[in-house]
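Student: Give the three-dimensional model of this entry:
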Amino acid sequence: MKGKIALLDYFDGKEAAALLIDGELHDFFAEPGANAPGSIFKVKVKHQIKGSGGIFVESPDGDFFLHKTKGITAGDVILVQVSSYGDGEKLPRVTTKLLFKSRYVIVTPFNEGLNIAKNIKDNERRIQLKQLVLEELDHIPYGMIMRSSCASANKSEIIKDCKNTIMTAQNVLSAEDKQMGLIHRAPSPHQLAWREWIDMPALDKTSGTFADHGVLELIDELKHSKVILNNGNYYIEPTKAFVAIDVNTAGDISFAAGLKANLAMAKDLPRQLRLRGLGGQIVVDPAPMLRQDRKIVENALKSALRKDTVETNFVGWTAMGLIELQRARVRSNWLTR
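Tutor: Numbers count the residues shown, from 1 in each chain. Reported below is the predicted structural model:
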């Protein structure tokens, strides 16, 4: 099927959302599980961890690690928001700088000002958005960032979203009378699809739509470590320490074939990591190629990563010719659950 379509259905009895572009699985939101990024908890501070610059905080729903703890002492009761998943023995990370992200706006209670997303380049539109918010909202109690999705959105939808998100923030921040533990749940897969997949000409939320559009078969492919390319293949192997990527050519061992396989991997890797919910340290072992061609592969990979929705830093090349990446752990590693 050509074009874009968002599919809202269930997978393994749990809510899920799939985004197809020209028949290819471009994005997938699975049930995020407990302690997902975006969740907000009322917690009690335990103790400082020497040499780490952080502290443990506890709640009935589990312990978390809080970095940058200036002004916080043991015994304090505070609100924190999960910023990244835990990994193995590592606890989920949390922050005290809460934010409330919706389709058109991000409300930032601890950062003042009304800001417009940098991706909105049209200066006239930027001015219109500021005027719209200032005129339509009687009172703006918190900082706000108007997302790039506002570029062509309906005015009434923008204002409705702003009001609803501000109300959510107010309800959470008045949580002094609430019990310890979870007070604001991370968005569900269907909510995430509405929030993040803006340019959707088609939507199908009928029961069984995953099966009708071949999504179940595409999900089965993600359960295998081997990814087939036109010019070779590569393997994605999560380990306890990092995610290993091994790139191979399709029988042709020339440097030219190696470069082609590496470029194909660079274009596809962000999508594969996104779909599989993988983050943390990523180590890529490229197929053999000329040293002078490394920059070509590096630029191709950086370009693909810039288009991705998950923040990933290109750390560099090792002495052994491996590529190191550092990727945020904001997606559920749902394939291993």
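
Student: give me the low-pLDDT residue ranges for the stretch 51-200 of the chain?
Tutor: 51-52, 176 (pLDDT under 70).

Student: quick one: the helices in it?
Tutor: Per DSSP state H, counting those that start in this stretch, the stretch 51-200 of the chain carries helices over the ranges 123-136, 155-173, 189-196.

Student: longest strand of this structure?
Tutor: Longest strand in the chain, counting residues (DSSP state E): strand 40-49.

Student: list the buried ones in that strand?
Tutor: Neighbour-count burial for strand 40-49, counted by 16 or more other CB atoms under 10 Å, picks out 40-43, 45. Just so you know, the C-beta spots here come from the backbone N, C-alpha and C atoms, and that holds for glycine as well.

Student: Repeat that for stretch 89-107.
Tutor: Within stretch 89-107, the residues that count as buried by 16+ other CB under 10 Å are 91-96, 98-107.

Student: of all those, which comes closest to residue 160?
Tutor: residue 104 (8.9 Å; CB to CB).

Student: contacting residues around that closest one?
Tutor: 146-147, 149-150, 153, 157-158, 161-162 (CB atoms under 8 Å, 6 or more residues apart in numbering).

Student: same deal with residue 316?
Tutor: 323-324.

Student: Can you classify it as helix, strand or coil?
Tutor: Three-state call for residue 316 (DSSP: H, G, I helix; E, B strand; the rest coil): strand.

Student: Buried residues, the top helix by length along the chain. List them.
Tutor: For the chain, the longest helix by residue count, based on DSSP state H, is helix 255-276. Within helix 255-276, the residues that count as buried by 16+ other CB under 10 Å are 255, 257-266, 268-276.

Student: With stretch 13-25 instead?
Tutor: Here stretch 13-25 shows 15-20, 25 as buried, counting by 16+ other CB under 10 Å.

Student: Measure how the longest strand of the chain sits relative to helix 155-173, angle-wise.
Tutor: 50 degrees (axes from the mean of the first three to the mean of the last three CA atoms, to 10 degrees).

Student: Touching, residue 87 and residue 327? I think so.
Tutor: No. The criterion here is CB atoms under 8 Å, and residue 87 misses it with residue 327 at 11.5 Å.

Student: who's more crowded, these two?
Tutor: Counted by other CB atoms under 10 Å, residue 87 and residue 327 do not tie: residue 327 has more neighbours, with 21 against 16.

Student: That one pairs with what?
Tutor: residue 280, residue 312 (DSSP bridges).

Student: and if you look at residue 29?
Tutor: residue 17.

Student: pLDDT wise, what is it at?
Tutor: Here, the pLDDT recorded for residue 29 equals 96.

Student: my read: it touches residue 194, true?
Tutor: No. Residue 29 is beyond contact range of residue 194, at 10.4 Å (criterion: CB under 8 Å).

Student: and those two? which has more neighbours close in?
Tutor: Legend: neighbour count by other CB under 10 Å for residue 29 and residue 194, higher for residue 29 (26 against 18).

Student: need the contact list for the more buried one.
Tutor: Applying CB under 8 Å, 6+ apart, we find residue 29 in contact with 16-18, 189-190, 192-193.

Student: How are the strands of the stretch 1-150 of the chain distributed by residue range?
Tutor: With DSSP state E, counting those that start in this stretch, the ranges of strands along the stretch 1-150 of the chain come out as 4-11, 14-21, 24-29, 40-49, 54-59, 62-67, 77-84, 93-95, 100-101, 105-108, 114-116, 143-146.

Student: Can you redo these as a markdown table, where the extra columns are distance to residue 180?
Tutor: A markdown table is the format used below for the strands of the stretch 1-150 of the chain (distance: least, CB to CB, whole Å):
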| stretch | distance to residue 180 |
| --- | --- |
| strand 4-11 | 32 |
| strand 14-21 | 27 |
| strand 24-29 | 29 |
| strand 40-49 | 5 |
| strand 54-59 | 5 |
| strand 62-67 | 12 |
| strand 77-84 | 7 |
| strand 93-95 | 14 |
| strand 100-101 | 21 |
| strand 105-108 | 24 |
| strand 114-116 | 33 |
| strand 143-146 | 27 |
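
Student: now for the ones you listed, which one comes closest to residue 320?
Tutor: Set against residue 320 and scored by CB to CB, the strands of the stretch 1-150 of the chain come closest in strand 77-84, at 28.2 Å.

Student: how near is residue 235 to residue 19?
Tutor: 25 Å (CB to CB, to the nearest Å).

Student: now do residue 271
Tutor: Counting by CB to CB, the gap from residue 271 to residue 19 is 11 Å.
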